[in-house]
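J.: dropping the sequence and predicted coords here.
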Amino acid sequence: MPTRPPAVAGTWYPGTAGALTRDVDRYLQDAPDWTGGPIRAVIAPHAGLMFSGPVGAHAYKAASAGHVDTVVLTGPSHYVAFDGVSVYPEGAFATPLGDAEIDTALAQSLMESPAIRPMPAAHQREHSLEMQLPFVRRLFPEARIVPLVMGFQTRETITALAAALAQACTSERVLLVASTDLSHFFDARTAQELDGRVARHVAAFDAGGLLETFEHYPEHERGRFVACGGGPAIAVMMAARSLGATDARVLKYAHSGEISGDFDGVVGYLAAAFGNFSASTGAD
């Protein structure tokens, strides 16, 4: 397959290597060092870098304390409606920091699940995975990626993706990434209340509880009230648990109003890690 060109470089994040490196490094410098144990999975946001970068940096800096050969990126489809999960099975994703090569073997293994199939159109405009690449390329320049975009976020698709990840991603050098923002366009106080529910489920490593909260709303409202990438986040939590992770940490929470100054309609952002680590960590 051809190399997928960036869709939002130069708009959602700097389109040149120098400017992008400076921004990413600044966010990473402000994030605390990780003092816990091995991390198998993280949650990170996917808004424009100036909004989500200070939060996402917490997840990626923590994960960079370990060895990562492949980053499996899971996120929601914002533009294409479909059943199941779309994988970009070969080639690369181009970025200002160099091409992120696809781990073809792992992608093929994941496609043994009937829920996962190639659908390049789902990746053309999608930003939920692309917004992870500045950190991936900066911190794991030799790592390959597997891009997975979830269509309709049904319980069946969520559990199927979780099972596929747990079966295929057994290497401790595979990092699972769930890309999601939290509530959308509520006032800051309401957003913090809504997002607090998500944070509590994440901190408790309670994927089932988060799924119940997600399903409390009609499908078209789940992204607004809970998380636009709630399905991928729940699937990654389930998979991390199946792969032996025992601990969860919320590393950082913020909302867009803290950057824009507009507290009347904000988007929430969360960074979290899952793995095996002590109670004393570098969490914020």
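T.: Happy to help now that I have it. Numbering: from 1, shown residues only.

J.: show me the shaky parts of the stretch 151-284 of the chain.
T.: Scanning the stretch 151-284 of the chain for pLDDT under 70 picks out the ranges 278-284.

J.: how much space separates the residue nearest the centre of the chain from Gly37?
T.: In the chain, the residue lying closest to the centroid (Cα atoms, centre = their mean) is Ser179, at 2.2 Å. The spacing between Ser179 and Gly37, counted by Cβ to Cβ, to the nearest Å, is 24 Å. Placement of C-beta: from N, CA and C, glycine included.

J.: same check on Ala227?
T.: From Ala227 over to Gly37 (counting by Cβ to Cβ), the distance is 26 Å.

J.: more neighbours, the two?
T.: More neighbours sit around Ala227 than around the other of Ala227 and Gly37, counting by other Cβ atoms under 10 Å; the figures are 30 against 14.

J.: and the closest residue to Ala65 other than its chain neighbours, which of the three is it?
T.: Of all residues beyond its chain neighbours, the one nearest Ala65 is Trp34 (4.4 Å), with distances taken as Cβ to Cβ, 6 or more residues apart in numbering. Secondary structure assignment for Trp34 (DSSP: H, G, I helix; E, B strand; the rest coil): coil.

J.: equivalent analysis for Glu212, please.
T.: Following three-state DSSP, the label given to Glu212 is helix.

J.: gap between it and Ala188?
T.: With the distance defined as Cβ to Cβ, Glu212 ends up 26 Å from Ala188.

J.: neighbour count winner among those two?
T.: Neighbours around Glu212 and Ala188, counted as other Cβ under 10 Å, are more numerous at Ala188. The numbers are 17 against 11.

J.: check contacts around the more buried one.
T.: In this structure, Ala188 makes contact with His255, Gly257, Phe263, Asp264, Val266, judged by Cβ atoms under 8 Å, 6 or more residues apart in numbering.
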